[in-house]
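>>> Got a predicted model here, sequence first, then my questions.
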Amino acid sequence: MNRLTGKVALVTGAGRGIGAAIARAFAAEGAAVVLAELDGAAAEATAREIANGVRGAQTLAVQTDVTQPASVRAAVEAAQRAFGPVGVLVNNAGINVFADPLTMTDDDWRRCFAVDLDGVWNGCRAVLPDMVQRRAGSIINIASTHAFQIIPGCFPYPVAKHGVIGLTRALGIEYAPNNVRVNAIAPGYIETQLTHDWWNAQPDPQAARKATLDLPPMKRIGRPEEVAMTAVFLASDEAPFINASCITIDGGRTALHHE
Ligand code: NDP
């Protein structure tokens, strides 16, 4: 349980869902964790819950909007003041913007890219100078299987997630000589509030849920903890030669042509 001892990690969107599970898993493995989250109260609550549940956990909640470079920089500075230099960044904050391309508003497009792609870049830019200087760092970007495959009517989310993979590969190559690794995780369906919101937005939420559960070859969807385990691995010293890469967590769904 000490795979991340001595590391300082910052996780965006850590108030709930996949980000909260990653923050919890990191703390359980000995990292000091900063929960950088738009909803300050949710960040505080999750940080408290981790502190109560994990013996010796070091957590800090910082209200952060990943769309604002200054806000992300302030979170990184708060992390440094509290625990020392940030060695692990998880760019997890993300939103679903699912629309029809031709009826989508300009605001939908901008909102999607502001969080799902600019937000990832803002995080990278805030930690990279220090990581490069210290010649140590692991950045983990939460992409999606939408980064490789398209579902009609889900525009422009997959465009932004394709960009996350591009950003991951570009920065991974750019800073490989400085021993900074940049990787992505591409989850398939994972049961979080985001997924429930999507089901509830469908005309028949129960049918939508059932259709989702039937999709993966394993006939279930993933749990946030299953994404967190891979994030721990990529953040740890067990993955020193994994860089500019992406690990898919979807129970095999993207390998399936059709049944
Ligand atoms: P949730 O909506 O459950 O959690 C996302 C968190 O990010 C929320 O706490 C949200 O805060 C926060 N957030 C949103 N906007 C910002 C912002 N501007 N700045 C800081 N924090 C913000 O989502 P998931 O846990 O399901 O998703 C996490 C990531 O995983 C996302 O990048 C998503 O695209 C990706 N993903 C999820 C999948 C799934 O099936 N769940 C599948 C594939 C990828 P608030 O509540 O205040 O909005």
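Arrived safely, thanks for sending.

>>> Around the ligand, pick out the residues from the stretch 1-150 of the chain.
Residues of the stretch 1-150 of the chain lying close to the ligand (CB under 6 Å from any ligand atom) are 12-13, 15-19, 37-39, 42, 64-67, 92-95, 115, 119, 142, 144. The way it works is simple: take the backbone N, C-alpha and C, and place the C-beta from them, glycine included.

>>> Could you tell me which of those residues count as buried?
For these, a neighbour count by 16 or more other CB atoms under 10 Å gives the buried set as 12-13, 15-19, 37-38, 42, 64-67, 92-94, 115, 119, 142, 144.

>>> Okay, and which of the residues you listed map to strands?
Secondary-structure check on these using DSSP state E: residues within strands are 12, 37, 142.

>>> Chain neighbours aside, what residue packs nearest to the first one?
Same thing as residue 12. residue 93 (4.1 Å; CB to CB, 6 or more residues apart in numbering).

>>> distance of the one you found from residue 63?
Here the criterion is CB to CB, to the nearest Å. By it, residue 93 lies 12 Å from residue 63.

>>> Mutual contacts of these two, please.
Here residue 93 and residue 63 have 37-38 as joint contacts, going by CB atoms under 8 Å, 6 or more residues apart in numbering.

>>> Span of stretch 76-96 from start to end?
The first residue of stretch 76-96 is 25 Å away from its last residue (CA to CA, to the nearest Å).

>>> which of the residues in that stretch are buried?
When burial is assessed from 16+ other CB under 10 Å, stretch 76-96 yields the following buried residues: 76, 78-80, 83, 85-94, 96.

>>> residues contacting residue 159?
Listed by CB under 8 Å, 6+ apart, the contact set of residue 159 reads residue 112.

>>> Hmm, I typed the wrong one, I wanted residue 169.
182, 244.

>>> Return the backbone torsion pair for it.
phi -70, psi -40 (degrees, to the nearest 10).

>>> And it, what's its pLDDT?
Each residue has a pLDDT score; the one for residue 169 is 98.

>>> Quick check: it vs residue 123, distance?
On the measure of CB to CB, residue 169 and residue 123 end up 16 Å apart.

>>> Check which helix or strand the nearest residue to residue 11 once chain neighbours are set aside maps to.
Of all residues beyond its chain neighbours, the one nearest residue 11 is residue 90 (4.4 Å), with distances taken as CB to CB, 6+ apart. Following DSSP states H and E, one finds residue 90 within strand 88-91.

>>> Mind giving me the packing neighbours of that strand?
strand 8-12, helix 17-28, helix 119-134, strand 137-142, helix 224-235 (3 or more CB pairs under 8 Å, 6 or more residues apart in numbering; DSSP states H and E).

>>> gap between it and the chain center?
7 Å (CA atoms, centre = their mean, to the nearest Å).

>>> Direction included, what does it pair against?
Note on strand 88-91: by DSSP bridges, its sheet partners are strand 8-12 (parallel), strand 137-142 (parallel).

>>> Buried deepest among these, which one?
Per residue and on average, the most neighbours among the strands paired with strand 88-91 fall to strand 8-12, with a mean of 29 (mean count of other CB atoms under 10 Å).

>>> What lies in contact with that one?
Outside of strand 8-12, the residues within contact range by CB under 8 Å, 6+ apart are 19, 22-23, 26, 31-37, 64, 66, 72, 75-76, 79-80, 83-93, 119, 123, 127, 235.

>>> What does the pLDDT read for the closest residue to residue 190 other than its chain neighbours?
When the adjacent residues along the chain are set aside, residue 190 lies closest to residue 222, with 4.3 Å between them (CB to CB, 6+ apart). Predicted confidence (pLDDT) for residue 222: 97.

>>> what's the answer for residue 259, then?
If you check residue 259, the pLDDT there is 79.
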